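*Asks:* Attaching a predicted model along with its sequence, questions to come.
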Amino acid sequence: MKILIAADMEGISGVVHWDQVSTNHPEYTRFRRIMTADVNAAIRGAFEGGADEVVVTDGHAYGRNILVEELDPRARLNSGSLSPFTMVQGVDNAVQGVIFVGYHARIGSQNAILEHTWSDERVANLWINGEPYGEIGLNAAVSGHFGVPVIMISGDQTACAEAAALLGPLETAVVKQASGRMAAECLPPPVAQSKIQAAAASSVTRLRSGQAPKPLRLAAPITLTVDLVQSEMADKAAWMPGTSRQGRRVEYTAQDMLTVYAAFRTILALARG
Ligand SMILES: [Zn+2]
């Protein structure tokens with residue numbers, strides 16, 4: 001049984017501020033160590049639950065946050081960017097379950113630490129088939145394309161609730177209770193990591209006994225709508241053939257999630273340029 005642990009940083013134990021997840025700030029060195037420890041807790045849990053193989057993907061910013069020298073030696077690490085599937089790099093038909101560690105809620109969520117969807121600078125909002133989607137939904141849908149369910153998430157209470165509402169009853173490890181965008185009551189990392197380990201173990205045990213949530217398979221056609229932060233970004237993004245545009249909103253429809261995901265990344269790349 002092969003498990004992919006997809007890690008982000010905003011939902012890591014103790015994180016409440018951008019400084020803690022930004023490489024140019026002194027606090028970052030502490031929190032990348034805590035991120036590594038949260039991931040190690042999930043690795044321990046996955047093996048305890050019966051995984052044979054665990055691959056970790058570092059999905060925050062440029063994918064160079066997890067300390068490889070401190071990673072549980074039983075796992076392997078997808079590090080660096082750009083990779084084809086970024087935050088869920090490594091997902092394919094051989095993976096049987098995905099675990100999200102350190103995830104955050106979609107943009108516009110209330111009481112959600114550092115909520116955003118992919119890029120604060122470029123994405124004002126995002127929908128798939130008319131439903132609001134964040135990184136949880138996007139990465140779950142890419143995994144679902146390969147028939148792989150998301151079986152567990154760690155993060156604040158709002159990220160965990162978003163995942164449960166979209167994906168069904170997955171295992172959750174709430175490591176902090178957010179009371180704003182940059183304020184939360186946090187569990188100390190060792191306590192949070194016990195919860196992560198227990199949730200990961202239980203998620204893999206459930207997966208092995210056929211009790212895991214179903215993969216998020218989106219029915220075709222799939223329509224992506226991105227509300228860009230500035231009109232100029234939409235001017236550029238709408239150069240992409242096949243898009244339609246209304247104001248700052250750029251829309252694209254395809255028959256499968258991987259094409260939609262590629263379109264999303266292309267729209268954001270154009271918006272940046
Ligand atoms: Zn991140």
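*Replies:* Done, it's in.

*Asks:* Let's see the pLDDT reported for whichever residue of the stretch 151-273 of the chain sits closest to the ion.
*Replies:* Taking Cβ to the ion, the ion has its nearest neighbour within the stretch 151-273 of the chain at residue 155, 10.8 Å off. Quick note: C-beta positions are derived from backbone N, CA and C, even for glycine. Listed pLDDT for residue 155 reads 98.

*Asks:* what's the closest non-adjacent residue to it?
*Replies:* Excluding its sequence neighbours, the residue lying closest to residue 155 (Cβ to Cβ, 6 or more residues apart in numbering) is residue 11, at 2.9 Å.

*Asks:* top helix in the protein by residue count?
*Replies:* Ranked by number of residues, the top helix in the chain under DSSP state H is helix 28-49.

*Asks:* How about it and the ion, touching?
*Replies:* No - Helix 28-49 does not reach the ion (Cβ under 5 Å from the ion); its nearest approach is 10.1 Å.

*Asks:* Report the buried residues of that helix.
*Replies:* The neighbour-count check on helix 28-49 (16 or more other Cβ atoms under 10 Å) flags 28, 31-32, 34-47, 49 as buried.

*Asks:* pLDDT of that helix, averaged?
*Replies:* Rounded mean pLDDT across helix 28-49 is 98.

*Asks:* Give me the helices and strands touching the very next helix or strand once past it, please.
*Replies:* Using DSSP states H and E, the helix or strand that follows helix 28-49 towards the C-terminus is strand 53-58. When contacts are defined as 3 or more Cβ pairs under 8 Å, 6 or more residues apart in numbering; DSSP states H and E, strand 53-58 sits against strand 2-7, helix 28-49, strand 76-78.

*Asks:* Pull up the pairing partners for the shortest one, direction included.
*Replies:* When you say that, I think you mean strand 76-78. Here strand 76-78 has these sheet partners by DSSP bridges: strand 53-58 (parallel).

*Asks:* Give me the angle between the partner strand and helix 28-49.
*Replies:* Going by axes from the mean of the first three to the mean of the last three Cα atoms, to 10 degrees, strand 53-58 is angled at 160 degrees with respect to helix 28-49.

*Asks:* For strand 53-58, what is the distance to the chain centroid?
*Replies:* For strand 53-58, the separation from the chain centroid amounts to 13 Å (computed by Cα atoms, centre = their mean, to the nearest Å).

*Asks:* Could you do stretch 129-146 as well?
*Replies:* With Cα atoms, centre = their mean, you get 10 Å for stretch 129-146.

*Asks:* Pull out the buried residues from it.
*Replies:* Neighbour-count burial for stretch 129-146, counted by 16+ other Cβ under 10 Å, picks out 132-146.

*Asks:* can I have it written out in PDB, keeping just the CAs?
*Replies:* In PDB, the C-alpha atoms belonging to stretch 129-146 read as follows (Å, rounded to 0.1, in the frame of the first residue of the first chain):
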ATOM      1  CA  ASN A 129     -18.500  23.800 -11.800                       C
ATOM      2  CA  GLY A 130     -19.800  26.800  -9.900                       C
ATOM      3  CA  GLU A 131     -18.700  25.600  -6.500                       C
ATOM      4  CA  PRO A 132     -16.000  27.500  -4.600                       C
ATOM      5  CA  TYR A 133     -12.700  25.500  -4.500                       C
ATOM      6  CA  GLY A 134      -9.500  26.000  -2.700                       C
ATOM      7  CA  GLU A 135      -6.200  24.100  -2.600                       C
ATOM      8  CA  ILE A 136      -7.900  21.200  -0.700                       C
ATOM      9  CA  GLY A 137     -10.400  20.800  -3.600                       C
ATOM     10  CA  LEU A 138      -8.000  21.300  -6.400                       C
ATOM     11  CA  ASN A 139      -5.500  18.800  -5.100                       C
ATOM     12  CA  ALA A 140      -8.200  16.300  -4.100                       C
ATOM     13  CA  ALA A 141      -9.700  16.600  -7.600                       C
ATOM     14  CA  VAL A 142      -6.300  15.900  -9.300                       C
ATOM     15  CA  SER A 143      -5.800  12.900  -7.000                       C
ATOM     16  CA  GLY A 144      -9.400  11.800  -7.800                       C
ATOM     17  CA  HIS A 145      -8.500  11.900 -11.500                       C
ATOM     18  CA  PHE A 146      -6.200   8.900 -10.700                       C
END
